[in-house]
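[1] Return a 3D structure for these sequence lines:
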Amino acid sequence: MEEKIYTIPVNEAFDESDGCPFCRLKKKLEDTERELIMGASMMEPDIRIKTNKLGFCKKHFSKMFEMNNRLSLALMLESHLDEVMNKTIIWKDSIIGKDNTKKASENMQAVKGSCYICEKTEEKFEKMMLCSIILWQNGNEFKEKMSKQPYFCLEHASLFLEYARVKLDKKSFAVFAKQLSDVQSAYISSLKDDVSWFCKKFDYRYDNEPWGNSKDSVERAIKFLQSDY
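    Here you go, the predicted model:
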């Protein structure tokens, strides 16, 4: 079954306990796709057709550029630019003649907003999210792994909850929601205390008090709210 393909990376992500497991999983998927597309996959005809059509977002162009393999990137850009020209070239014969400016503008926005790596990553990530629900449903071992997670970022906690709502029966979903809520509540409470203490440390009355776990509380709060990924 297809979901079995994804059990290993999902379990590996949940075996760790540093940040959101789904952020770790998504980053690994993204890195793998980036390495593949800058390697042998670049010259596969079916993949080149897709990269020509979709291109890459600003984030992934930057990450590929940092890999110092400019020839691979240039080869993809060469054929992608042909596709971009065909879709976005502007022509207007006359005031009442043929006019493609509206379509060209729409195509420009579409090209700017699409990305081969994002699409491939999301496709596999959705399957792994579903796999995580199946693993939770089928055994206590994964439930224990879930309870040991420090937190799930808000973006992925929301997705996790919605996938569970669709996949699980009402009784199982209630148990799942309680478990997720316990993990999130404990972390938010601890995080809020650390952020509050961080603020107090700027008051001279607390100069001699230890920082505790508050020094990186701002960074941790941003990661929780906006995801590590």
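
[2] neighbouring contacts of the helix or strand containing E35?
    For E35, the host element (DSSP states H and E) is helix 21-37. Contacts to helix 21-37, defined as Cβ atoms under 8 Å, 6 or more residues apart in numbering, come from residues 9-10, 13-14, 16, 18, 47, 51, 60, 63-64, 67, 76, 116-117, 120-121, 124-125, 128-129, 132, 149, 152-153, 156, 159-160, 223, 227-229. (Each C-beta comes from the backbone N, C-alpha and C, glycine too.)

[3] do that again at 7 Å, thanks
    Here helix 21-37 makes contact (Cβ atoms under 7 Å, 6 or more residues apart in numbering) with 9-10, 13-14, 16, 51, 60, 63-64, 116-117, 120-121, 124-125, 128, 149, 152-153, 156, 227-229.

[4] The helix or strand following it vs helix 21-37, what angle?
    Going down the chain from helix 21-37, the next helix or strand is helix 45-54, by DSSP H and E. For helix 45-54 against helix 21-37, the angle by axes from the mean of the first three to the mean of the last three Cα atoms, to 10 degrees is 110 degrees.

[5] What are the contacting residues of helix 45-54?
    I37, S41, M76, S79, H80, E83, S114, C115, Y116, E119.

[6] could you redo the last one with a cut-off of 8 Å?
    I37, S41, M42, M76, S79, H80, D82, E83, S114, C115, Y116, E119.

[7] mind listing what D15 touches?
    Contacts of D15 (Cβ under 8 Å, 6+ apart): K145.

[8] Next, E155: phi, psi?
    Main-chain dihedrals, E155, degrees, to the nearest 10: phi -60, psi -50.

[9] Which ones among the contacts of helix 21-37 map onto strands?
    Using DSSP state E, the subset of the contacts of helix 21-37 located in strands is empty.

[10] Buried residues in the longest helix along the chain, which are they?
    In the chain, taking DSSP state H as the definition, the longest helix is helix 170-200. Neighbour counts over helix 170-200 (16 or more other Cβ atoms under 10 Å) mark F173, F176, L180, V183, Q184, Y187, L191, D194, W197, F198 as buried.

[11] Centre of the chain to the helix holding E35, how far?
    Between the centre of helix 21-37 and the centre of its host chain there is 8 Å, according to Cα atoms, centre = their mean, to the nearest Å.

[12] cool, and stretch 33-41?
    So, by Cα atoms, centre = their mean, the centroid of stretch 33-41 is 18 Å from its chain's centroid.

[13] List the buried residues in it.
    Here stretch 33-41 shows E33, R34, I37, M38 as buried, counting by 16+ other Cβ under 10 Å.

[14] How about stretch 112-119?
    Under the neighbour-count criterion of 16+ other Cβ under 10 Å, stretch 112-119 has C115, Y116, I117, C118 buried.

[15] Select, from these, the two members most distant in space.
    Y116 and C118 (7.4 Å; Cβ to Cβ).

[16] still on that earlier bit, go through the buried residues of stretch 112-119 and flag which are in helices.
    Y116, I117, C118.

[17] ok, now which ones touch the first one?
    The neighbourhood of Y116, defined by Cβ under 8 Å, 6+ apart, consists of E33, I37, K50, T51, L54, G55, F56.

[18] repeat that for 6 Å
    With contact set as Cβ atoms under 6 Å, 6 or more residues apart in numbering, Y116 has these partners: K50, T51, L54.

[19] Ok, the second one next?
    Taking Cβ under 6 Å, 6+ apart as the definition of contact, the neighbours of I117 are E33, R34, H60.
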